[in-house]
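A.B. asks: All I have is the shape, not the residue letters:
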């Protein structure tokens with residue numbers, strides 16, 4: 001099989017949560033352990049860092065990978081979902097897994113795959129670990145796919161566990177309260193392995209602390225050790241003044257421009273501090289340079305990504321109420337004459353909560369991604385108009401974006417988002 005045929009085989013054999021939602025979720029590690037045993041436990045051949053959370057885990061994982069890469073290590077990075085290509089999920093030193101490597105993996109293990117019948121994510125995780133071992137990486141930064149306790153990536157024994165900010169998302173699987181979701185995320189905490197939690201939250205710290213104590217795992221809340229005093233954007237970089245627990249002041253620049261990155265920066269800094277304490281050689285210059293080039297080194301996309309300057313076009317994959325609240329806040333701060341929002345949502349999100357966050361003065365272009373999970377544009381338009389939002393429904397994202405570009409003046413802003421699927425379709429055309 002060639003790469004296209006192999007990709008079709010992977011998608012047809014193993015359901016993809018990205019496309020079909022809950023039907024693809026396999027709550028258990030039995031199949032993952034079977035794959036891992038057959039592959040002779042490749043994850044034991046490199047050191048790993050495990051990253052869970054609701055929002056920010058992809059950014060934090062990419063920051064850490066960039067800093068480790070800048071420090072001279074060979075670094076694997078496993079993230080999801082992919083936006084334009086399957087191979088985005090698995091990277092070594094910023095380079096995606098090659099198409100021949102994907103074809104070869106499936107060809108070599110096809111009989112096992114058909115015997116075990118793994119989910120899409122289980123198969124992809126096994127492929128990533130096998131590839132990292134073959135590439136002799138020093139470190140792999142591994143992002144949890146969903147939850148943590150029963151996630152396929154849970155089979156690793158990391159040197160550090162990280163849990164970013166917790167919010168309501170995937171409630172039909174993980175629970176509909178923050179403590180329930182925190183319990184699932186906290187499932188990545190392992191015996192005597194340090195854990196960084198990005199933010200101390202009233203509803204979740206009482207979940208994380210007992211789990212950490214039961215596992216004798218040192219627990220650190222990043223926002224109790226690092227605080228952003230000031231942030232600004234200049235020359236295509238976001239600049240931060242950060243104070244640590246000892247009142248030392250440091251300055252960092254990021255090529256990621258979302259306001260929400262200040263939480264992720266503090267989480268990454270706390271994680272780096274612990275890695276250094278464990279003997280990982282990372283200099284202050286490695287940290288500064290790696291963070292400054294996070295997107296450049298890892299090719300992270302879809303995080304307040306500027307696609308065009310006049311009119312300004314920004315896309316962001318924020319897709320739940322917590323994430324969209326932050327991007328809408330940044331949108332309100334942006335200096336422009338008029339705001340245009342190309343919006344598409346997945347039907348399994350809290351639509352009412354999201355709609356309440358959207359600015360009333362913007363012009364809307366309601367649309368839908370080419371995904372079975374997408375909320376139909378006409379339904380989205382109906383719910384938005386009920387709360388006073390004005391706009392037109394478009395059956396495709398391409399039509400919605402084209403109309404926004406036609407309507408927007410040079411000093412306007414076009415925001416494209418609401419779903420990773422929406423951003424993916426836009427980036428595929430860039």
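C.D. replies: Alright, I've got the coordinates. Because the structure is predicted, anything quoted here is derived from the model rather than measured. Numbering: from 1, shown residues only.

A.B. asks: And for residue 411, the neighbour number?
C.D. replies: 12 (other C-beta atoms under 10 Å). For every residue, glycine as well, the C-beta is placed using N, CA and C.

A.B. asks: Where does pLDDT dip in the stretch 301-430 of the chain?
C.D. replies: Within the stretch 301-430 of the chain, not a single segment meets pLDDT under 70.

A.B. asks: And the helices in it?
C.D. replies: Using DSSP state H, counting those that start in this stretch, the helices of the stretch 301-430 of the chain run over 321-333, 351-355, 377-385, 397-407, 420-428.

A.B. asks: now for the ones you listed, which one comes closest to residue 120?
C.D. replies: Closest to residue 120 of the helices of the stretch 301-430 of the chain is helix 420-428 (C-beta to C-beta; 15.4 Å).

A.B. asks: Which residues belonging to that closest one are considered buried?
C.D. replies: Across helix 420-428, burial judged by 16 or more other C-beta atoms under 10 Å covers 420, 421, 422, 423, 424, 425, 426, 427.

A.B. asks: Then stretch 381-393?
C.D. replies: Neighbour counts over stretch 381-393 (16+ other C-beta under 10 Å) mark 381, 383, 384, 389, 391, 393 as buried.

A.B. asks: Could you check which helix or strand contains the most centrally placed residue in the chain?
C.D. replies: Residue closest to the average C-alpha location in the chain (C-alpha atoms, centre = their mean): residue 58, at 3.1 Å. Taking DSSP states H and E as the criterion, residue 58 maps to helix 57-70.

A.B. asks: Give the buried residues for that helix.
C.D. replies: 57-70.

A.B. asks: Tell me the one among the residues you listed nearest to residue 300.
C.D. replies: Taking the buried residues of helix 57-70 together and measuring to residue 300 by C-beta to C-beta, the closest member is residue 62, at 4.4 Å.

A.B. asks: what about that closest one, distance to residue 305?
C.D. replies: Taking C-beta to C-beta, to the nearest Å as the measure, residue 62 falls 13 Å from residue 305.

A.B. asks: thinking again about what came up before, give the other helices and strands that the helix holding residue 58 contacts.
C.D. replies: strand 47-52, strand 75-78, strand 139-143, helix 261-277, helix 284-292, helix 294-298 (3 or more C-beta pairs under 8 Å, 6 or more residues apart in numbering; DSSP states H and E).

A.B. asks: With mean neighbour count and distance to residue 250 added, can I get those in TSV?
C.D. replies: Formatted as TSV, those follow (neighbours: other C-beta atoms under 10 Å; distance: least, C-beta to C-beta, whole Å):
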stretch	mean neighbour count	distance to residue 250
strand 47-52	27	22
strand 75-78	28	23
strand 139-143	27	22
helix 261-277	23	8
helix 284-292	18	8
helix 294-298	22	16
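
A.B. asks: if we can go back for a sec, contact partners for the residue lying closest to the residue nearest to the centre of the chain once chain neighbours are set aside?
C.D. replies: Among residues not flanking residue 58 along the chain, residue 79 sits closest, at 5.2 Å (C-beta to C-beta, 6 or more residues apart in numbering). Contacts of residue 79 were listed using C-beta atoms under 8 Å, 6 or more residues apart in numbering, and they are 58, 61, 62, 88, 89, 91, 143.

A.B. asks: do residue 65 as well
C.D. replies: Here residue 65 is in contact with 75, 77, 91, 94, 141, 297, 298 (C-beta under 8 Å, 6+ apart).

A.B. asks: let's see it at 7 Å
C.D. replies: Taking C-beta atoms under 7 Å, 6 or more residues apart in numbering, we find residue 65 in contact with 75, 77, 141, 298.

A.B. asks: The last one is in contact with residue 92, isn't it?
C.D. replies: If I follow you right, that is residue 298. No - using C-beta atoms under 7 Å, residue 298 makes no contact with residue 92, being 10.9 Å away.

A.B. asks: what packs against whatever helix or strand residue 211 lives in?
C.D. replies: Element membership for residue 211, per DSSP H and E: helix 205-214. Counting contacts by 3 or more C-beta pairs under 7 Å, 6 or more residues apart in numbering; DSSP states H and E, helix 205-214 packs against helix 178-185, strand 219-221.

A.B. asks: Recalculate using a threshold of 8 Å.
C.D. replies: Secondary-structure packing of helix 205-214 (3+ C-beta pairs under 8 Å, 6+ apart): helix 178-185, strand 195-197, strand 219-221.
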